[in-house]
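Engineer: Pasting the sequence and the predicted model now:
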Amino acid sequence: MSGGETKSSVGTYPATVSLAGSLKENKMKKEYLSPTEAAKILKISRQAVINRIKNGTLAAERAGIQYIIPKSQLLSKKISEEMEKATGIKIPKTAKIVKTAIKEVLKKVNSYAVKTIQLWFVDILGILKCVSITKGELKEALEHGKGFDGSSVTGFAEAEESDIIAQPDPTTFKILPWTMETNPTARMFCNILNPDRSPYPGDPRYVLKRAIGRAKKLGLNYYIGTEIEYFYFKTDKKPEIIDEGSYFELIPNDLANTLRNKTIRMLEEMGIPMEASHHEVAPSQHEIDPKYRDALTAADNVITCKYVIKEIAQQSGVYATFMPKPLFGVNGSGMHTHQSLFKGTKNTFYDKKDKYHLSTIAKQFIAGQLKHAREICSLTAQWVNSYKRLVSGYEAPVYASWAQKNRTALLRVPLYRPGNEQATRVELRCPDPACNPYLAFAVMLAAGLEGIEKKYPVPSPVEPNIYHMAMEERERRGLTSLPGNLFEAILETEKSKFVKETLGEHIFSRFLFNKKKEWEEYRIQITQHEIKKYLPLL
């Protein structure tokens, strides 16, 4: 190529193009527009156009150092439909489904005399945030969203660009049953938007929607079922147990059992049905299993379940925690995540002719998750304490492998039962309930899809107990260990182009910054273990 030309993915452009003037003097005039010209058509600011390009909701190419936008994209009568498809976010003024949902919300608010509506969203760490509005503010919020200062939310906007919008998703409207007698309250999850109503790149829910959109382009729908484990303690000051039960144990007149059952009733009244609930292995440890749902609903349900578990516990003066490893010497709390991909009503993971009843797609999906296991670990196990759980001997995975019966494997394929083809699934065992489910599910899906798209071969399953294997045997089988601590996990994520592309630059950089800060705070602490061990010795 000569020195006077710049190559792009769609052609060759003069390197000296000035989009303010020279664009009018060449053949691109009929095909491309500058951001300023695009802004006039869209009736938004030039900066808003640049933001949409950076967010991936507006296609553009490079001409030298500047952007050019295909004119046909902007003039199409279907532009709003294309943007909805690209972002996964419905535009309230034009989407029929949202209009119908809005009418239903307003009707329910009147019927149940709802006084307060909570607008829910999470920060990049998965911590639940809420803006409360009254019935009188509801219609305006449904149409235009609720503005707030994003600079005060972890991983959101900087101070100079802090104005963002929480746009309620009316399809997620649920009444909180325990509030009905005093102050009827409902909640809706929100999509976070820029002032120009383009998706905000720091919104974890948007990251998951983007990953789901990638699957849908392949004709696939991602379904998830979670096993949410947690502990009940007397207070949040120290881990004092309230029962000494064990796995599946039923204790008469047990407070924890009563709390768990009440929690289930509340969730089912909110339209979140359960597969099962039971006491877990450790004392005062319990588990609830929401039914399989599409990934976005499943992530919303994880956030809701955690909130309701804590709320019902608090009402009885008990503290519920999702801290992965609050007690030494017993099992920690995981969130085993069951996954499958459907094409219409068909489970694409099932193949009756295969030895394991797994399709090629399922095996490639497994291979993709195994390949990226170390890179995504900081998202599925995102806290310093998470890695106190991921150790040998407590039914938590330590090595990247898959199996059917072996519960020490990272990925487990539950044994096929004749007539139950739709239940064929892959269980990922490293996530814990303290993760941000939107980000965790997004990288899990993206890893599996890469395995499918690039046709990764799956290794042989590992059925022997990996905890008991000699190092030589693990090396012979090519088993790779998961990161041993948060810092090691951060380093793996930081060098991962795959994770960066899945999360987007905004969340990727802010998440890493936050996790490095957390590790540094932990690293410099003097623990009671050190005092007890070293003070008398040294």
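Structural biologist: Cool, got the structure.

Engineer: Find the centremost residue of this structure, please.
Structural biologist: Tyr438 (1.3 Å; Cα atoms, centre = their mean).

Engineer: Quick one: classify the residue nearest to Leu327 when sequence neighbours are not counted as helix, strand or coil.
Structural biologist: Spatially, and ignoring its direct neighbours in sequence, Leu327 is nearest to Pro239 (5.7 Å; Cβ to Cβ, 6 or more residues apart in numbering). Quick note: C-beta positions are derived from backbone N, CA and C, even for glycine. Look at Pro239: counting by DSSP: H, G, I helix; E, B strand; the rest coil, its state is coil.

Engineer: Give the rounded mean pLDDT of the helix or strand containing Lys388.
Structural biologist: Element membership for Lys388 (DSSP states H and E) is helix 386-389. For helix 386-389, mean pLDDT rounds to 96.

Engineer: Return the distance of that helix from the chain's centre.
Structural biologist: 20 Å (Cα atoms, centre = their mean, to the nearest Å).

Engineer: hmm, who's touching it?
Structural biologist: Residues outside helix 386-389 that contact it (Cβ atoms under 8 Å, 6 or more residues apart in numbering): 324-325, 332-334, 381, 396, 432, 434-435, 483-486, 489.

Engineer: Where does confidence bottom out across these?
Structural biologist: Within the contacts of helix 386-389, pLDDT reaches its minimum at Ala396, with 90.

Engineer: wait, doesn't that residue sit right on Thr380?
Structural biologist: No: using Cβ atoms under 8 Å as the test, Ala396 is too far from Thr380 to be in contact (11.9 Å).

Engineer: Name the residues contacting each of these two.
Structural biologist: Counting by Cβ under 8 Å, 6+ apart, the shared contacts of Ala396 and Thr380 are Cys430.

Engineer: Can you list the neighbours in contact with stretch 313-330?
Structural biologist: The contact list for stretch 313-330 (Cβ under 8 Å, 6+ apart) reads 178, 228, 230-236, 239, 241-242, 255-256, 259, 281-283, 285, 306, 309-310, 312, 332-334, 381, 383, 385-386, 388-389, 394, 432-434.

Engineer: Can you list the low-confidence ranges for the stretch 401-538 of the chain?
Structural biologist: For the stretch 401-538 of the chain, no stretch is flagged by pLDDT under 70.

Engineer: hey, which helix or strand in the chain has the poorest pLDDT?
Structural biologist: One helix or strand of the chain scores below all others by mean pLDDT, DSSP states H and E: strand 11-14, with a mean of 32.

Engineer: And the next helix-or-strand element following it, what does it pack against?
Structural biologist: Counting by DSSP H and E, the next helix or strand C-terminal to strand 11-14 is strand 32-33. Strand 32-33 sits against strand 66-70, helix 71-75, with contacts defined as 3 or more Cβ pairs under 8 Å, 6 or more residues apart in numbering; DSSP states H and E.

Engineer: Go again with 10 Å.
Structural biologist: helix 35-42, strand 66-70, helix 71-75 (3 or more Cβ pairs under 10 Å, 6 or more residues apart in numbering; DSSP states H and E).

Engineer: Please compute how far that strand lies from its chain's middle.
Structural biologist: Distance, centroid of strand 32-33 to centroid of chain: 36 Å (Cα atoms, centre = their mean).

Engineer: repeat for stretch 178-193
Structural biologist: 21 Å.
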